[in-house]
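Chemist: no sequence on hand, only this structure:
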């Protein structure tokens, strides 16, 4: 995830809290509440398919990774977490017959895995397992998805049982609900974001310093 801003406009310095690993409070996204969590709950209840790919897409700083983490913690708190470091390591687990039931396979920025030799083949093999429940929880930026178009990796993504698209600034009604939840939180980061985003930016975008990092044009005196 993007590290949160460390200095607020009030002058408050949150650097120590960031170094300690603290994150801003999570403002539940509408797409999380209405689409992502129900998808994970269905897996927890043993509904078909036994192995499901849940894909979260959207632009950078839309909040994909944090949303995935919070939904997983809420709906699958007792499941084990598997983070395959490579296609080869996943193949070794599959070959060894390692028990994968009630496991979340974490595929943050899944495009990196799909670009590996045999990455697509290994994930297809995993999706074809007859027993579960298993969830492949993946994130993918819009730019990376477009770069994969018409490749084997792109076709694998079409197997996603659920595709949730997050926006930096969602539709008005959804955004108003998210803002209301944010106002109920006692968190300095969230308070800063709510005071700054105006009608242009999203909460996650501001907390990740997206607007602050955009170069501002300089006026040259000639």
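Modeler: Good, I have the coordinates. Please read these numbers as outputs of a predicted model, since none were measured by experiment.
Chemist: quick one, helices of this structure?
Modeler: Taking DSSP state H, the helices of the chain run over residues 15-19, 30-31, 37-44, 64-75, 87-96, 110-114, 119-127, 142-147, 152-157, 172-183, 188-196, 203-207, 210-213.
Chemist: most packed of the ones you listed?
Modeler: Comparing the helices of the chain by mean neighbour count (mean count of other CB atoms under 10 Å), helix 203-207 ranks first with a mean of 26. Where you see a C-beta, it was placed from the backbone N, CA and C, and this is true even at glycine.
Chemist: chain center to that helix, what's the gap?
Modeler: 14 Å (CA atoms, centre = their mean, to the nearest Å).
Chemist: rebuild the helices of the chain as CSV, extending it with mean pLDDT and distance to residue 166.
Modeler: Formatted as CSV, the helices of the chain follow (pLDDT from 0 to 100; distance: least, CB to CB, whole Å):
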stretch, mean pLDDT, distance to residue 166
helix 15-19, 92, 23
helix 30-31, 98, 6
helix 37-44, 98, 13
helix 64-75, 97, 6
helix 87-96, 85, 26
helix 110-114, 95, 15
helix 119-127, 94, 22
helix 142-147, 95, 10
helix 152-157, 96, 16
helix 172-183, 97, 10
helix 188-196, 95, 16
helix 203-207, 91, 8
helix 210-213, 58, 14
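Chemist: export the ones you listed to TSV and tack on distance to residue 133?
Modeler: Below are the helices of the chain laid out as TSV (distance: least, CB to CB, whole Å):
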stretch	distance to residue 133
helix 15-19	36
helix 30-31	22
helix 37-44	5
helix 64-75	12
helix 87-96	17
helix 110-114	19
helix 119-127	13
helix 142-147	26
helix 152-157	20
helix 172-183	29
helix 188-196	34
helix 203-207	29
helix 210-213	36
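Chemist: relative to residue 135, which of the ones you listed is closest?
Modeler: helix 37-44 (4.9 Å; CB to CB).
Chemist: ok now that closest one, how far from the chain's centre?
Modeler: The answer for helix 37-44 is 16 Å, by CA atoms, centre = their mean.
Chemist: before we move on, what about stretch 64-82?
Modeler: 10 Å.
Chemist: do the same with stretch 131-148
Modeler: 10 Å.
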